[in-house]
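**Q** pasting the sequence and the predicted model now:
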Amino acid sequence: MAETISQDTPVAERYALALLGRADDLRASDPGALDAIAAGLAQLARMAGEGGAFPAFLSDPRLSAKDQLSAVMALAERAGVHREVRNFLGVLVQNRRLSALPGVAAAFGAKLAQRRGTQVAHVTSAFPLSDVQRAGIVARLTESGYSGVQLDETVDRAILGGLIVRIGSRLYDNSIKSKLQRLQYAMKGAA
């Protein structure tokens, strides 16, 4: 994924807070609603981050609201996301804010993690992570003093390989792209 909508946009924050409020309202009748909504949003955000046609679909202004709604509902149904997430997607389409979905999902995850006392590590990799890699990253971050770590994954083929991990105010950039850039600067400085 080359570019995403900033997670900190006011629009994403407002929609995330509204959905979090709706999830809280549902907790009395459906105790698992909050986790199901979070999982559904995370799944859609991963799909948007993996590239392909879905990110282009999200931000295509040429599509009518009716076409967007039918396509996104079919996708959400096939993905098996919670009913409230599907309703929420309808609200985003109706308000012509479907392109904000990745930012809303990130803001929702951050608000939920903050509420639960966990920390979100934003991990960018060139290829999707395996379960073993995820466990290794969480273990290393836990060893470094971070507790209750949850991963927010993004795939960006432009980094070529390695990882970029951002947690709190710390940035760990071990991508091949950054290493090549540092080597290029060092070679220019030596010349």
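**A** The structure has been received and is ready for your questions.

**Q** where's the closest residue to Thr9 other than its chain neighbours relative to Gln181, distance?
**A** The spatially closest residue to Thr9, leaving aside those adjacent along the chain, is Gly103, at 5.4 Å (C-beta to C-beta, 6 or more residues apart in numbering). C-beta coordinates here come from the backbone N, C-alpha and C atoms, glycine included. Distance, Gly103 to Gln181, using C-beta to C-beta, to the nearest Å: 27 Å.

**Q** show me which of the two is the more surrounded one.
**A** Of the pair Gly103 and Gln181, Gly103 is the one with more neighbours under other C-beta atoms under 10 Å, namely 23 against 12.

**Q** so what's the more buried one scoring on pLDDT?
**A** Looking at Gly103, its pLDDT stands at 89.

**Q** show me what whichever strand or helix holds it is packed against.
**A** Using DSSP states H and E, Gly103 sits in helix 101-116. Packing contacts for helix 101-116, counted by 3 or more C-beta pairs under 8 Å, 6 or more residues apart in numbering; DSSP states H and E, involve helix 10-26, helix 33-49, helix 53-58, helix 83-94, strand 119-125, strand 149-155.

**Q** kindly report the domain assignment for this structure.
**A** The chain is divided into the following domains under automatic domain parsing: 1-117, 118-191.

**Q** out of the ones you listed, which one sits most buried?
**A** Mean neighbour counts were compared across these using mean count of other C-beta atoms under 10 Å; the top stretch is domain 1-117, at a mean of 17.

**Q** next one: that domain to chain centre, how far?
**A** Averaging C-alpha positions (C-alpha atoms, centre = their mean, to the nearest Å) puts domain 1-117 10 Å from its chain's average.

**Q** quick one: contacts for the nearest residue to Met47 once chain neighbours are set aside?
**A** Once flanking residues are discounted, Met47 sits nearest to Phe54: 5.1 Å by C-beta to C-beta, 6+ apart. By C-beta atoms under 8 Å, 6 or more residues apart in numbering, the contact set of Phe54 is Met47, Ala48, Leu75.

**Q** which residues touch the first one?
**A** Counting by C-beta under 8 Å, 6+ apart, Met47 makes contact with Phe54, Leu75, Ala79.

**Q** tell me which other helices or strands the helix or strand containing the second one touches.
**A** Per DSSP H and E, Leu75 falls inside helix 65-79. Applying 3+ C-beta pairs under 8 Å, 6+ apart, one finds that helix 65-79 makes contact with helix 33-49, helix 53-58, helix 83-94.

**Q** using CSV, write out every CA atom in it.
**A** C-alpha atoms of helix 65-79 as CSV (Å, rounded to 0.1, in the frame of the first residue of the first chain):
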residue,chain,number,x,y,z
ALA,A,65,-23.4,5.4,-4.1
LYS,A,66,-25.8,2.6,-5.3
ASP,A,67,-22.9,0.8,-7.0
GLN,A,68,-20.6,1.3,-4.1
LEU,A,69,-23.2,0.1,-1.6
SER,A,70,-24.0,-3.1,-3.5
ALA,A,71,-20.3,-3.9,-4.1
VAL,A,72,-19.2,-3.2,-0.6
MET,A,73,-22.1,-5.1,0.9
ALA,A,74,-21.4,-8.1,-1.2
LEU,A,75,-17.7,-8.0,-0.1
ALA,A,76,-18.6,-7.6,3.5
GLU,A,77,-21.1,-10.4,3.3
ARG,A,78,-18.5,-12.7,1.7
ALA,A,79,-16.0,-11.7,4.3
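
**Q** cool, thanks, talk later.
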